[in-house]
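In: Curious how this folds, go ahead:
(one chain, ligands or ions: 1)
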Amino acid sequence: SLLSASLLGIDFASPLMNASGVCCRYNEELDAMLASDAGSLITKSCTLLPREGNPEPRYTATALGSINSMGLPNEGYEYYLDYAVKHDYAKKPLFMSVAGLSLEDNMAMLTAIREAKLPAIVELNLSCPNVPGKPQIAYDFEAMESMLEAASRVWAQPFGVKMPPYFDIAHFDEAAAILNRHPLVKFITCINSIGNALVIDIERESVVIKPKDGFGGIGGDYVLPTALANVNAFFRRCPDKQVIGCGGVKSGAEVFMHLLAGASLVQVGTALQEEGCGIFARLNAELAEILQRKGYRSLEEVRGKLRTL
Ligand SMILES: C=Cc1c(C(=O)O)[nH]c(=O)[nH]c1=O
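Out: Coordinates of the predicted model:
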């Protein structure tokens, strides 16, 4: 149909899904994603053991988006593996996001997930900005190379990576070159939140979240142009891989922009957090209206067709 998409040879009824972290920590949230008009769903990034995360308030929405320093609160990987075992893959594809606190933790989780022999798609999170003392892996190119080498060896089948935003052409070049050296990395999700931003409330003359003196990852309108640039930068540099777009989606227009930039699927974070799962029916309808108005009959005809001047 008009909104059909595919990733890793798997079919999706809609290109839309949640961004990991939103509407996906608990079974009830995942079931709400399953019942929604999203084409697929992804679990909260998981660690070896359950985590409470950072002290609250740790998420705040603003007029232009959101700021968060959740601190990787999750139920531990076995909880999400249980969900993945029970999931009906004929209904909707399921992604699992993995964000171990160390390379060893990631290998232990990937081994356990691999041994469950499930059709779940793994998105290895290389970009969590909010675990105090833990740098974002993808901002340390040596650490990223080591992680991808180990993950490729242990997982030994296609997987994807969740990348932070880059802001320098030389960094796009270097990060893409590393990813291109790992053929099992079949998709790249751009972007995670823009890390360590600061939102200030002038009435209270204060920051708005408790962890890290108010420093946190931002999403929403703030990040859309950076998200589109990262989608297009990796789309251009990694012709053998697919790109999932994430960042700044709140209407069909931004979904269409991500598709033009090269995205195969599109994730929704802040707007989903604020509107709830009903957003997917709205976004599908708005996207379909744009495609029909412009005479497109498939997403294929749009993907990567961004014109330059
Ligand atoms: C996995 C932790 C992440 C978190 C978090 O749990 O703080 N927030 C983000 O914006 N991105 C992440 O990747």
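
In: drop to CA atoms for contacts and neighbour counts, all remaining ones
Out: Fine.

In: who are the neighbours in contact with the residue nearest to residue 56 when sequence neighbours are not counted?
Out: Counting by Cα to Cα, 6 or more residues apart in numbering, the nearest residue to residue 56 once its immediate chain neighbours are dropped is residue 210, at 6.0 Å. Going by Cα atoms under 8 Å, 6 or more residues apart in numbering, residue 210 touches 55-58.

In: at 10 Å what do you get?
Out: If a contact means Cα atoms under 10 Å, 6 or more residues apart in numbering, then residue 210 has 54-59, 68-70, 216 as its contacts.

In: Would you mind writing the CA trace of stretch 125-135 as PDB?
Out: Once side chains and other backbone atoms are set aside, the C-alpha atoms of stretch 125-135 remain, and they are given as PDB (Å, rounded to 0.1, in the frame of the first residue of the first chain):
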ATOM      1  CA  ASN A 125      22.600   2.300  21.100                       C
ATOM      2  CA  LEU A 126      26.000   4.000  20.800                       C
ATOM      3  CA  SER A 127      24.700   7.400  21.900                       C
ATOM      4  CA  CYS A 128      23.200   7.600  25.400                       C
ATOM      5  CA  PRO A 129      24.200  11.000  26.700                       C
ATOM      6  CA  ASN A 130      22.800  10.800  30.200                       C
ATOM      7  CA  VAL A 131      24.700   8.100  32.200                       C
ATOM      8  CA  PRO A 132      27.000  10.200  34.500                       C
ATOM      9  CA  GLY A 133      30.600   9.300  33.800                       C
ATOM     10  CA  LYS A 134      29.900   7.400  30.700                       C
ATOM     11  CA  PRO A 135      30.800   9.200  27.500                       C
END
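
In: Is that stretch positioned near the ligand?
Out: Yes: looking at stretch 125-135 against the ligand by Cα under 6 Å from any ligand atom, the contacts come from 127-128, 130.

In: Tell me the buried residues in that stretch?
Out: For stretch 125-135, the buried set under the neighbour-count rule, 16 or more other Cα atoms under 10 Å, comprises 125-131.

In: now, among these, which is nearest to residue 280?
Out: Sorting the buried residues of stretch 125-135 by how near they are to residue 280, with Cα to Cα, puts residue 125 at the top with 23.6 Å.

In: Can you name the residues of the protein that neighbour the ligand?
Out: Those residues of the chain that sit near the ligand, judged by Cα under 6 Å from any ligand atom, are 45, 68-73, 99, 127-128, 130, 192-193, 217.

In: Which residue is most remote from the mean position of the protein?
Out: Counting by Cα atoms, centre = their mean, the extreme residue of the chain relative to its mean C-alpha position is residue 203, 33.4 Å from that point.

In: I'd assumed residue 100 was in a strand, is it?
Out: No: according to DSSP: H, G, I helix; E, B strand; the rest coil, residue 100 belongs to no strand; its state is coil.

In: so it makes contact with residue 127?
Out: No: using Cα atoms under 10 Å, residue 100 is not in contact with residue 127; the gap is 11.1 Å.

In: Let's see which of the residues of the chain next to the ligand end up in strands.
Out: The strands, defined by DSSP state E, take in 68, 217 from the residues of the chain next to the ligand.

In: export the residues of the chain next to the ligand to TSV and tack on pLDDT?
Out: Shown next, in TSV, are the residues of the chain next to the ligand (pLDDT from 0 to 100):
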residue	pLDDT
45	98
68	98
69	97
70	97
71	97
72	97
73	98
99	98
127	97
128	90
130	85
192	98
193	98
217	98
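
In: can you pull the contacts of residue 259?
Out: Going by Cα under 10 Å, 6+ apart, the list of residues near residue 259 reads 15, 228, 231-232, 243-245, 253, 265-266, 299-306.

In: downstream neighbour of the host helix or strand of it in the secondary structure list?
Out: Assigning secondary structure by DSSP states H and E places residue 259 in helix 252-261. Using DSSP H and E, the next helix or strand after helix 252-261 towards the C-terminus is strand 263-268.

In: since we're on the closest residue in space to residue 52 that isn't next to it in sequence, how many residues are nearby?
Out: With Cα to Cα, 6+ apart as the measure, residue 73 is the residue that lies nearest to residue 52, at 4.8 Å, once sequence neighbours are left out. Using other Cα atoms under 10 Å as the criterion, residue 73 is surrounded by 18 other residues.
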